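> Kindly return the folded structure for what I paste below:
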Amino acid sequence: MPSTKKALHFLGSALATTVSVAILGYGMSTEWAVSKMLCSGPENIFTNGSANISYELFYGVIARGSCPVFGGEKTIQVFEKLAETGGAPQILHGIVITLLALCLLCSAGSILITLYNSVSNPYQTYMGPIGLYTCSSGSACISFLVLILYVVNVQLTEMSEDLVKNDVGIVSVNLKDKTSEFQVGYFLLIPYMVLSLLAILLVYLFEHAAYTHRQEQQRPTEDAPKEIMMY
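The predicted structure is shown next:
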């Protein structure tokens, strides 16, 4: 059976990972970004309309005002609409969702490993601290990659413009001056990443203390007093 100190460190790590999963789960269900742009018909010299898109991961809301003539608000399935427009936005959005699923999978692995270590001592196997380091560092690195890819997709591609044009239909529109703001769902990736690193730190602190203690107990004989070595 593991010591009380070890059990507390690993249970603390499991708790940190569990909280991170809850945060990520909530983040995946709420709004990630809002894009706004000016809109006009093909023959309009001055821009007189607007279009806004609110993004969740799986659903979104397109709101058009005088774009190009009439307006309206409609809920869309993001990936389904991106499949209709195609191109890089569809690929990047698919990668983001896949990576988030991998984050959840890695976090689940971290929780199982830490709970197992709180009642056992599998130090030399992949079910020991090495397994935890792998899973939790994987979660942190993947979530950081998601932060970058999502910004690229919203800011640098024409995802929003393509979705508005797809919603308008056969009528041609001119879209310009796009601005994007990221929302709570996107920023919740940061505490998820921090908690994944905290899970590693809690176990590392215990491992480092245990290693130091073992080293002190196994000091070489040259550190012993000379009078003891004579006998």
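
> who's in contact with the residue nearest the centre of the chain?
Computing the C-alpha centroid of the chain and ranking residues by C-alpha atoms, centre = their mean puts residue 143 first, at 3.2 Å. Going by C-beta atoms under 8 Å, 6 or more residues apart in numbering, residue 143 touches 24, 99-100, 103, 189, 192-193, 196. No exception for glycine: its C-beta is placed from N, CA and C like everyone else's.

> Likewise for residue 162?
Residue 162 neighbours (C-beta under 8 Å, 6+ apart): 82, 85, 87, 89.

> Average pLDDT for the helix or strand encompassing it, rounded please.
Assigned by DSSP states H and E, residue 162 falls within helix 159-168. Average pLDDT, helix 159-168: 89.

> Output the contacts of residue 162 as CSV; include the columns distance to residue 177 and neighbour count.
Converted to CSV, those look like this (distance: C-beta to C-beta, whole Å; neighbours: other C-beta atoms under 10 Å):
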residue, distance to residue 177, neighbour count
82, 22, 24
85, 20, 15
87, 22, 12
89, 19, 23
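
> where does residue 39 land on pLDDT?
The model reports residue 39 with a pLDDT of 87.

> Please, which helix or strand holds it?
According to DSSP H and E, residue 39 maps onto strand 33-40.

> Can you pull the poorly scored residue ranges out of the protein?
Counting by pLDDT under 70, the chain shows low-confidence ranges at 1-2, 42-47, 122-125, 208, 210-214, 216, 219-231.

> can you give me the strands in it?
Assigned by DSSP state E, the chain shows strands spanning 33-40, 49-55, 59-65, 72-77, 174-182.
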